[in-house]
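Student: here is a sequence with its predicted model. Questions after.
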Amino acid sequence: MEIRKQILESIKIREALLASEEVSTLLYKAVELIAGVYKNGGKVLFCGNGGSAADAQHLAAELSGRFYLNRPPLNAEALHVNTSFVTATANDHSFDHVYERMVMAQGKPGDLLMAFSTSGKSPNIIKAIEAANGLGMHTLGFTGAAGGDMIGKCTMLFRVPSNDTPRIQEAHMLLGHIICENVERQLFETS
């Protein structure tokens, strides 16, 4: 077993994120952007496939439920939770259009889409980002080192310095938790 090696690989990626001024700057900007979306009455939509769908749903719950503070819920939704819509759209159009159509149905100018794809090449994620951009939404992308087709398409793009899917997803959750915690603090913490 390579358990210690796997843990060390995860630690190295987190250390690289910690050392990156670009990542720190993007995190501050993302928190400001999302807090602004909520202050203006907007919502945050999430999308991803497989483990990234689970991450998207988890982070949507952090905003719509609570993170640390007992506070009003924030409007946040993972686009795959309506399985009837997902399966009908995949059957009638194709899986490539599932998130695109849901963004078109729910998104409004000034809203934000958080899109997760470890490769940056998932056609349904790319189409969702393009639909969001077309509606005047902000787009926050999360991918691996390569960035794939998400490069140049997102308002902000977090590229985790790895090509290993599980390690990328672990880092996406770290970044997502940091964003959710700080959005909550900015909107609701009183001092």
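Tutor: It's in.

Student: which helix in this structure has the most residues?
Tutor: The helix that spans the most residues within the chain, counting by DSSP state H, is helix 165-188.

Student: next, the buried residues of it.
Tutor: Of all the residues in helix 165-188, those buried under the rule 16 or more other C-beta atoms under 10 Å are 167-176, 178-180, 182-184, 187. All C-beta spots, glycine's among them, are computed from the backbone N, C-alpha and C.

Student: is G42 in a helix, a strand, or coil?
Tutor: For G42, the secondary-structure state derived from DSSP: H, G, I helix; E, B strand; the rest coil is coil.

Student: before we move on, what about F142?
Tutor: Under three-state DSSP, F142 falls in the strand class.

Student: helices of the chain, start to end?
Tutor: For the chain, applying DSSP H gives helices covering 3-19, 21-39, 51-64, 83-92, 98-106, 123-135, 165-188.

Student: just put these in JSON lines and tack on mean pLDDT and distance to N70.
Tutor: Below are those laid out as JSON lines (pLDDT from 0 to 100; distance: least, C-beta to C-beta, whole Å):
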{"stretch": "helix 3-19", "mean pLDDT": "97", "distance to N70": "29"}
{"stretch": "helix 21-39", "mean pLDDT": "98", "distance to N70": "17"}
{"stretch": "helix 51-64", "mean pLDDT": "98", "distance to N70": "14"}
{"stretch": "helix 83-92", "mean pLDDT": "95", "distance to N70": "31"}
{"stretch": "helix 98-106", "mean pLDDT": "97", "distance to N70": "27"}
{"stretch": "helix 123-135", "mean pLDDT": "98", "distance to N70": "31"}
{"stretch": "helix 165-188", "mean pLDDT": "98", "distance to N70": "9"}
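
Student: so which of those is nearest L157?
Tutor: Evaluated over the helices of the chain, closeness to L157 peaks at helix 21-39, with 8.1 Å, by C-beta to C-beta.

Student: starting at the chain centroid, how far to that closest one?
Tutor: The gap between the average C-alpha position of helix 21-39 and the chain average comes to 12 Å, counting by C-alpha atoms, centre = their mean, to the nearest Å.

Student: now the angle between helix 165-188 and that helix, please.
Tutor: In terms of direction (axes from the mean of the first three to the mean of the last three C-alpha atoms, to 10 degrees), helix 21-39 departs from helix 165-188 by 50 degrees.

Student: other SSEs contacting helix 21-39?
Tutor: Where contact means 3 or more C-beta pairs under 8 Å, 6 or more residues apart in numbering; DSSP states H and E, helix 21-39 is packed against strand 44-47, strand 112-116, strand 138-143, strand 156-159, helix 165-188.

Student: TSV please, covering the ones you listed and showing distance to I34.
Tutor: Putting those into TSV (distance: least, C-beta to C-beta, whole Å) gives the following:
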stretch	distance to I34
strand 44-47	6
strand 112-116	6
strand 138-143	8
strand 156-159	10
helix 165-188	5
